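1. what follows is a predicted protein model with its sequence.
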Amino acid sequence: MRKVYHRIIQMAGNVITIEADNVSYNELAEVHSASGVSLAQVIRLQDEKVFLQVFAGSRGISTGDQVRFLGRAMQVSSSENMLGRIFNGRGIPRDGRPDVNDKLIEIGGPSVNPAKRIIPKNMIRTGIPMIDVFNTLVESQKIPIFSIAGESYNALLARIALQAEVDVIILGGMGLKYDDYLYFRNTLEEKGALSRSVMFIHTASDPVVECLLVPDMSLALAEAYALEGKRVLVLLTDMTNFADAMKEIAITMEQIPSNRGYPGDLYSQLASRYEKAVDFDSAGSITILTVTTMPGDDVTHPIPDNTGYITEGQFYLRGGRIEPFGSLSRLKQNVNSNTRSDHRSIMDTMIRLYADYKETMEKQSMGFQMSKWDHKLLKYGKLFESRMMDLSVNIPLEEALDLGWKTLAECFEPAESGIKTELLNQYWPK
Amino acid sequence: MEKLSKGKIVGVNGNMLTVEFDDHVIQNEVAYAKVGDTRLKSEVIRIRGKRADLQAFESTDGLKIGDEVEFTGELLSVELGPGLLTQVFDGLQNPLNEMAEQHGFFLKRGAYLKALDYEREWDFTPIVSSGDTVIAGDWIGMVPEGIFKHYIMAPFDLHGEWQITELSPAGKYNLKTSIARIKNEKGEEREVFMAQNWPVKIPIPCYKNKLLSSENMSMQMRTIDTFFPVATGGTFCTPGPFGAGKTVLQHSMSINAKADIVIVAACGERAGEVVEILREFPKLQDPQTGRTLIDRSIIICNTSSMPVAAREASVYTAVTLAEYYRQMGLNCLLLADSTSRWAQALREMSGRLEEIPGDEAFPAYLESRIAAFYERAGLVELNNGEKGSVTIGGTVSPAGGNFEEPVTQATLKVVGAFLGLSRERSDSRRYPAIHPLDSWSHYPSVVDAGELTKARNILKRGLEVGQMMKVIGEEGTHIDDFEIYLKSEFLDYVYLQQNTFDDVDAACSPERQRYVFARVINVLDKKFHFTDKDVARSFFLELRQIFIDWNYSKFKSSEFMELEAKIMDKVKEHSNA
């Protein structure tokens, strides 16, 4: 029988301190208070003092409340029975059905040996030209949607998830509005995808610390499924809430903040989650698609900035469109050499010309005379926006490439494209 | 033999352990914390009274107050000997392929393996004879390691002269077998093995002189070799915001650099990127040697989700291996991606130690650490007169892409070349996105300095005209200025930009660079006569098209010759009779 402690000597934020011995780092404990039982996790040991982070928050806890250590770290079930179920951040069912307690595994496990990874090479088709043609999504990629509050990022996330050919979808919601939670649930249900989905939902009204568990719970489960050979897609929305929760804890622990109040290990913390994306040598894969809302639409804010250095590209969602500048898929090179021989040239040329169009737009808005070249660019830019950037366009990659050539030919002479002559001969519409 | 200290854990905070010890401890010595049967490697980083603060190289989950800690009395070291090439190590020099064989998909905590295979036999040929005197670092014998002569050297930690009393004859030996016995004046005796250990944070000092780095080390990239060259034994940095192409650039350098040995240190970056190297290098052929790239490479891989403290160790491990091969008279290139992650590891630790923070919470010693690291590069004259070198290139990932931040600034002070990547260029897909005006280099170019200045001036003037046109419009710009603008754009497209994903264009030899550059200068020098701006623009667009095709054709092939003739004809079109 493990010892029970009755004296809490300090409470600051959601962190409580007790004096106890034989406690291990990262261990879980139960705090029994008048408002019920809450889980807590050891986050620091200092001589006889033990610092615990209380998942449900410290509100209502008395200094005389019971603390009982469980002798284990946080766990999640990795069984098939998780499919079709909805849980909260701690893994407690929120769909009114019974607990799932078989095949428990610890969350936040060690990282994959790089020697056991393989180079990802399967394209995930989305039917969105801005993704398929210009920033191809690849199986086992980790990529965020950078957006701002008010954009329909969750709808985009759901659309990609439903069109992607994967075995399991795991949704981790952090600080989700209740409406958004219902939207995800209903959409998955309507499209018949709920039975191959697992949801860990932390809503904005739940205790903040639980938010921290969501990525680890989702990814631990994803890892277990991937090792069984499944292709898993993990959706995490919104990672900004996760980072803010971390900031809150760091400040209460009196850590020296590095940048705008965020802890110095923000990069490592985010990386250890994102790096769970993997294509296993002779097993399944994990693809991670997240949402990062940028406070004040500022990409240099610590959260999007650190995220950008970790992830394999990003999709910028702005004004209901995926922006061609700044959006990037770092893995596209792995797949776009095998799609069609003109894929890369179309991808680079169209964006370069669109950049020129933007410059011309600037000139035009300042009232300068437009040269012949400027007129060509203006025509091109408008066509590009309506044929490629509009999110309502839903066509396969090959069709999108053909449309690209058609657009170029409608606006330019072959030599003005800067494409290799060999390709021009093959693809330029006659 | 001194008695080794033991200690007990009195505090755990993230990866920092506070330990109360019984006897003496050494600053930076290695210690093992025991959790059950697992031993967690850690390093002493601060001592106060009877308590030492240790950074653990592993996750500290499960440690308890009172758990035992064993000190080793040794600084963090690497194993040096034949068999390092082609290997993939983590930051603490554990071979990852063997780890995978023994422990499967995941990196098992507390599992440490020998870096070298001590059973494997090597074909040893002695160079010295019994009775000769040697000093630290002298070549005693040689074993073939792939295409290289791997010299077996007298231990680097010898003081003064030692005499060889016994020497094994030529033959096959493994690394556990002593190949020589040596004795000094005081009568102390030592055995010499083919492998030795060396502490990573101390530079290997066994050379006569450091020489000035003045010879170009070609990366086979036009922007770098011509405009912002790197020198053998020099240092350079490539800062840039995310998505500007740092990694692709480094990847291309690791393939195309004219170095004997390439060491890639993936420090705190994405695992996926290392995997590309891991899987591709054994297949890619090195055009310089005809062997695969992996035969001349060592990969140190401590990616972002691997323990933070080992991230700091990884750059030191890498540079020590580079110094080791330098001692054999080889030119080594170390590519560290990214030094910012290493600096962040310092910051995390500094925060836990509750040190007074400097700029952006980085510790005050950040600058001196960065300077000391880059100073380990250099071209040296060894004691036997041979030359060897270590060239260091580090990427920097500045927060928010702002070069004013502490890591970039500290790095710029100590490097010889700055290849700044720009978001503006990468957004408009002008790769490599090295900014042609902000970047600089102190090293000599592959082309003539006078011609280079000419090209630079065109770029600069072109940018000015471009800016001006934004204000006064194209119609207000004089045709001569407009021509300069078009020339600078032309230079950008056909020379600065290079397609890493094209088989031919990916590598442009210095010889070809000189050849092509002469043609480009020829165009830049020419005074054209255009009737109006549209004519000028379409002329340059057409010329650009032929030039781009020219870049994609094999050097001196018949296609190359044909396109060159076409260029000459085209240039004549609007030129002054």
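-> Nice, thanks for sending it over. Remember, predicted model here, so these are calculated numbers, not experimental data. Numbering: from 1, shown residues only, chains lettered A, B, ... in the order given.
2. the residue of the stretch 301-430 of chain A found nearest chain B: neighbouring residues, count only.
-> Relative to chain B, the nearest point of the stretch 301-430 of chain A is residue A:368 (3.3 Å; CB to the nearest CB). In this view, the C-beta of every residue, glycine as well, is placed from N, C-alpha and C. Per other CB atoms under 10 Å in any protein chain shown, the neighbour tally for residue A:368 reads 19.
3. state the pLDDT value of the closest residue to it other than its chain neighbours.
-> Nearest residue to residue A:368, sequence neighbours excluded (CB to CB, 6 or more residues apart in numbering or on different chains): residue B:473, at 3.3 Å. For residue B:473, the pLDDT comes out at 81.
4. please apply the same query to the one 5 residues further on.
-> Residue B:478 is assigned a pLDDT of 92 by the prediction.
5. how many neighbours does it have?
-> Neighbour number of residue B:478 under other CB under 10 Å is 9.
6. surely the residue nearest to residue A:368 touches residue A:365?
-> No. With contact defined as CB atoms under 8 Å, residue B:473 does not reach residue A:365; the gap is 11.7 Å.
7. more neighbours: which of those two?
-> residue B:473 (16 against 8).
8. now the helices for the chain?
-> This is for chain A. In chain A, the segments counted as helices under DSSP state H are A:129-132, A:153-163, A:178-190, A:208-227, A:239-252, A:266-274, A:302-310, A:332-335, A:343-365, A:372-384, A:397-411, A:421-427.
9. should've been chain B
-> Going by DSSP H, chain B shows helices at B:96-103, B:222, B:246-256, B:271-280, B:308-326, B:339-352, B:366-374, B:406-412, B:423-427, B:449-472, B:479-491, B:510-525, B:533-551, B:558-572.
10. OK, contacts around the residue of the stretch 301-430 of chain A closest to chain B?
-> B:473-475 (CB atoms under 8 Å, 6 or more residues apart in numbering or on different chains).
11. got the contact list for the lowest-mean-pLDDT helix or strand in chain A?
-> Ranked by mean pLDDT, DSSP states H and E, the weakest helix or strand in chain A is strand A:257-259, scoring a mean of 83. Residues from elsewhere that reach strand A:257-259 (CB under 8 Å, 6+ apart): A:247, A:250-251, A:263-264, A:266, A:302, B:347, B:351, B:357, B:360-362, B:399.
12. dump stretch A:343-356 to CSV, restricted to CA.
-> Taking C-alpha atoms only, stretch A:343-356 is exported to CSV below (Å, rounded to 0.1, in the frame of the first residue of the first chain):
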residue,chain,number,x,y,z
HIS,A,343,5.3,18.8,-62.2
ARG,A,344,8.3,20.6,-60.8
SER,A,345,8.6,23.1,-63.7
ILE,A,346,5.0,24.0,-63.6
MET,A,347,5.2,24.4,-59.8
ASP,A,348,8.2,26.8,-59.9
THR,A,349,7.3,28.7,-63.0
MET,A,350,3.7,29.5,-62.0
ILE,A,351,4.7,30.7,-58.6
ARG,A,352,7.5,32.8,-60.0
LEU,A,353,5.2,34.5,-62.5
TYR,A,354,2.6,35.0,-59.8
ALA,A,355,5.3,36.9,-57.7
ASP,A,356,5.9,39.1,-60.8
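13. so what's the gap between it and the chain middle?
-> With CA atoms, centre = their mean, to the nearest Å as the basis, stretch A:343-356 stands 27 Å off its chain's centre.
14. isn't residue A:105 up against residue A:220?
-> Yes. Between residue A:105 and residue A:220 there is a contact at 5.9 Å, judged by CB under 8 Å.
15. so between the two, which is more surrounded?
-> Neighbour count, other CB under 10 Å: between residue A:105 and residue A:220, residue A:220 has more, with 21 against 14.
16. what sits against the more buried one?
-> A:76, A:78, A:105-109.
17. next one: residue A:13
-> Neighbours of residue A:13 in contact, by CB under 8 Å, 6+ apart: A:58, A:248-249, A:251-252.
18. cool, and residue B:92?
-> B:41, B:57, B:76, B:112, B:310, B:313-314, B:317.
19. output the below-cut-off pLDDT ranges for the stretch 351-500 of chain B.
-> Nowhere does the stretch 351-500 of chain B drop to pLDDT under 70.
20. contact residues of it facing chain A?
-> Contact residues, the stretch 351-500 of chain B versus chain A (CB under 8 Å from any CB of the partner chain): B:351, B:354, B:357, B:360-362, B:397, B:399-402, B:427-430, B:469-470, B:473-475, B:493.
21. find residues that contact each of residue A:105 and residue A:220.
-> Contacts common to residue A:105 and residue A:220, judged by CB under 8 Å, 6+ apart, are A:76, A:78.
22. what is the rounded mean pLDDT of stretch A:345-363?
-> On average, stretch A:345-363 scores 91.
23. residues in contact with it?
-> Here stretch A:345-363 has contacts from A:133-134, A:324-325, A:332, A:336, A:370, A:374, A:377-378, A:380-381, A:384, A:388, A:401, A:404-405, A:407-408, A:412, A:417-420, A:423, B:427-430, B:469-470, B:473-474, using CB under 8 Å, 6+ apart.
24. and residue B:439, what is it in contact with?
-> Counting by CB under 8 Å, 6+ apart, residue B:439 has contacts B:227-228, B:417-420.
25. roughly how far apart are it and residue B:456?
-> Residue B:439 sits 11 Å away from residue B:456, going by CB to CB, to the nearest Å.
26. pull up the overlap in contacts between the two.
-> Shared contacts of residue B:439 and residue B:456, counting by CB under 8 Å, 6+ apart, come down to residue B:227.
27. need the pLDDT of the residue at minimal distance from the centre of chain B.
-> Nearest to the geometric centre of chain B sits residue B:335, at 1.5 Å (CA atoms, centre = their mean). Residue B:335 carries a pLDDT value of 96.
28. that one and residue B:261: what is the separation?
-> 11 Å.
29. nearest residue to residue B:484 other than its sequence neighbours?
-> residue B:461 (5.0 Å).
30. so what's the residue count around residue 70?
-> As the question left the chain open, I've gone with chain A. Count around residue A:70 with other CB under 10 Å applied: 15.
31. you looked at the wrong chain, it should be chain B
-> Neighbour tally, residue B:70, other CB under 10 Å: 14.
32. quick check: phi and psi at the nearest residue to residue B:350 once chain neighbours are set aside.
-> Closest residue to residue B:350 apart from its sequence neighbours, by CB to CB, 6+ apart: residue B:363 at 3.8 Å. Main-chain torsions, residue B:363, degrees, to the nearest 10: phi -70, psi 160.
33. from chain A, how far out is residue B:363?
-> 10 Å (CB to the nearest CB, to the nearest Å).
34. what's the answer for residue B:93, then?
-> Counting by CB to the nearest CB, the gap from residue B:93 to chain A is 14 Å.
35. so who does that residue touch?
-> Residue B:93 neighbours (CB under 8 Å, 6+ apart): B:78-79, B:115, B:300, B:317.
36. now for those: which two are most distant?
-> B:79 and B:300 (13.4 Å; CB to CB).
37. ok, these two, which is more surrounded?
-> residue B:300 (29 against 19).
38. the more buried one and residue B:269 touch, don't they?
-> No. Residue B:300 is beyond contact range of residue B:269, at 11.7 Å (criterion: CB under 8 Å).
39. show me where the stretch 51-200 of chain B dips below the pLDDT cut-off.
-> Across the stretch 51-200 of chain B, not a single residue meets the criterion (pLDDT under 70).
40. wait, doesn't the residue nearest to the centre of chain B sit right on residue B:266?
-> No. Residue B:335 is not in contact with residue B:266 according to CB under 8 Å; the separation is 9.0 Å.
41. neighbours of residue 230, just the number please.
-> Since no chain was named, I'll use chain A. For residue A:230, using other CB under 10 Å, the count is 17.
42. oops, chain B please
-> 28.
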